[in-house]
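A.B. asks: When you get a sec, could you give me coordinates for this:
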Amino acid sequence: MNYSIRIAVPEDEPKIRELFIEMLQTIYHTRDVQGYEPGCLDRYWTKSEERILVAEDETVVAYLSVEVHHDPEADYIYLDDLSVTEAYRDHGIGSTLIREAEAYAQEIGIQDIVFHVEKSNTEAFRLYKRLGYTIFRDDGNRYMMHKTVGIQVREERISPEEYIDFLKRTDLGSQYPKERFEERIKKLVNTVTISLIARNATGLMVGVLFGLTDYCYWLYVTDLGVDRDYERQGIATRLMKTAHELAGGEKDIAVYLIANEEAVPFYEKLGMKQADDVMKYNHIEWTEWTV
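C.D. replies: Residues are numbered from 1 along each chain as shown. Below you'll find the model as predicted:
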C-alpha cells in the first residue's frame, strides 16, 4: 500500500468532510451524525500555524487536524480529528499522521501535545498508549491524552551526582582538574548564576549550560555540553540562545567563553568571534583526567 503524507489544501475539504462523517459513524455506531458546520475548516486555509495533514493514495484516505494554541500558561498542540477510511485501517496510517504532527510540534518549538479520545473507542486508546500518550484528565465520556515530545530546556538546579553522570556521556568529562573534584562540582551546581538543563521526554538530562552573568552587561558561559547520543539536534544552540535571553538579551549582554578548537566552528555559526584581548591569572593545581 503506497501513500504519502502532505499538508491539506482547500481542494481537499470535500473529502475531509466525508472522512469526518465516517469517523463519527464508526465511533458512535450510527449513521445519524452531524458533519462540520459551514466555514468550520476555513482557518486551516489561511497559512497560519494550524494545519490539516492528509494521507493520500490517489485520493485522500485519512486526515489529522492540528491546532496550535499559545496560552499564558503554556504553548501546546491539540489534535482535533483523526480519521482513516475503513479500507485503509490497520496499516499504520494513523500512527504516521500522529508522528508527523509530533515532528511539526518540534519544528515550531512546542513540546506538549493533547487530544481527546472517547472511552468507548478502545482500539484508538490502545494505539495512543503505544505511541507514548498517557491520560492527562478524565472528562466524563472522554479522556484527554497528553505527551511531551522533543527536548525541554529550562532553568533548574541539579544534584552533583546527576551532573557527574551526565559528564560521563559528554565531552565535558575531561575539562575539570582531578583535585577536590566532587567537592568543587557540588559547589558549582549550587552556586552558578544560570543553570540551564535540557531533558528528553523521559526526563533524562541530555544537555547543560552553566553561566555567570551580571544581568546588565555580560554573560560568561562556563559549561556547555550535550549527551553524545543527542548531538546535532540543535540542543546546544537552544541552550545558548536561552541563556542569552535570560541574562538580558543580545542588545545588552556580551557573551564570553573559552572554546576548544573543535567547537570554534559551532560558536562562529552563532555569530561569535575569537578575541585576543582577554587577560588571565591561573595558578590552579590541575591534574588532567576524564570523569
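A.B. asks: wait, doesn't residue 246 sit right on residue 194?
C.D. replies: Yes. In this structure, residue 246 is within contact of residue 194 by CB atoms under 8 Å, at 5.8 Å. Just so you know, the C-beta spots here come from the backbone N, C-alpha and C atoms, and that holds for glycine as well.
A.B. asks: First-to-last residue distance for stretch 136-149?
C.D. replies: Stretch 136-149 stretches 15 Å from its first residue to its last (CA to CA, to the nearest Å).
A.B. asks: What ranges does the stretch 51-200 of the chain have for its helices?
C.D. replies: In the stretch 51-200 of the chain, the helices defined using DSSP state H, counting those that start in this stretch lie at 93-107, 122-130, 160-167, 181-191.
A.B. asks: thinking again about what came up before, and for residue 246 and residue 194, which residues touch both?
C.D. replies: Between them, residue 246 and residue 194 share these contacting residues under CB atoms under 8 Å, 6 or more residues apart in numbering: 155, 213.
A.B. asks: how about the strands of the protein, start to end?
C.D. replies: Shown for the chain, the strands assigned by DSSP state E span residues 4-7, 51-57, 59-70, 75-84, 112-118, 134-139, 142-148, 152-155, 194-199, 205-213, 218-226, 254-257.
A.B. asks: Pipe the helices of the stretch 51-200 of the chain into CSV and attach mean pLDDT, mean neighbour count and distance to residue 22 per row.
C.D. replies: Converted to CSV, the helices of the stretch 51-200 of the chain look like this (pLDDT from 0 to 100; neighbours: other CB atoms under 10 Å; distance: least, CB to CB, whole Å):
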stretch, mean pLDDT, mean neighbour count, distance to residue 22
helix 93-107, 91, 18, 13
helix 122-130, 89, 14, 14
helix 160-167, 96, 17, 49
helix 181-191, 96, 14, 55
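A.B. asks: In TSV, list those along with distance to residue 59.
C.D. replies: Compiled in TSV, those are given as follows (distance: least, CB to CB, whole Å):
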stretch	distance to residue 59
helix 93-107	13
helix 122-130	23
helix 160-167	50
helix 181-191	57
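A.B. asks: out of those helices, nearest to residue 36?
C.D. replies: Evaluated over these, closeness to residue 36 peaks at helix 93-107, with 18.3 Å, by CB to CB.
A.B. asks: returning to that earlier point: with neighbour numbers in mind, choose between residue 246 and residue 194.
C.D. replies: Counting neighbours by other CB atoms under 10 Å for residue 246 and for residue 194 shows that residue 194 has the greater number, 21 against 18.
A.B. asks: Tell me the spacing between residue 67 and residue 81.
C.D. replies: 10 Å (CB to CB, to the nearest Å).
A.B. asks: repeat for residue 13
C.D. replies: Separation of residue 13 from residue 81 (CB to CB): 13 Å.
A.B. asks: Pull the contacting residues for residue 88.
C.D. replies: The neighbours of residue 88, taking CB under 8 Å, 6+ apart as the test, are 1, 3, 55, 57, 61, 62.
A.B. asks: most surrounded residue in those?
C.D. replies: Within these, residue 62 tops the neighbour count with 25 neighbours, counted by other CB under 10 Å.
A.B. asks: Residues in a beta bridge with it, which ones?
C.D. replies: Note on residue 62: beta-bridge partners residue 55, residue 84, judged by DSSP bridges.
A.B. asks: surely it meets residue 91?
C.D. replies: No. Taking contacts as CB under 8 Å, residue 62 lies outside contact range of residue 91: 9.5 Å.
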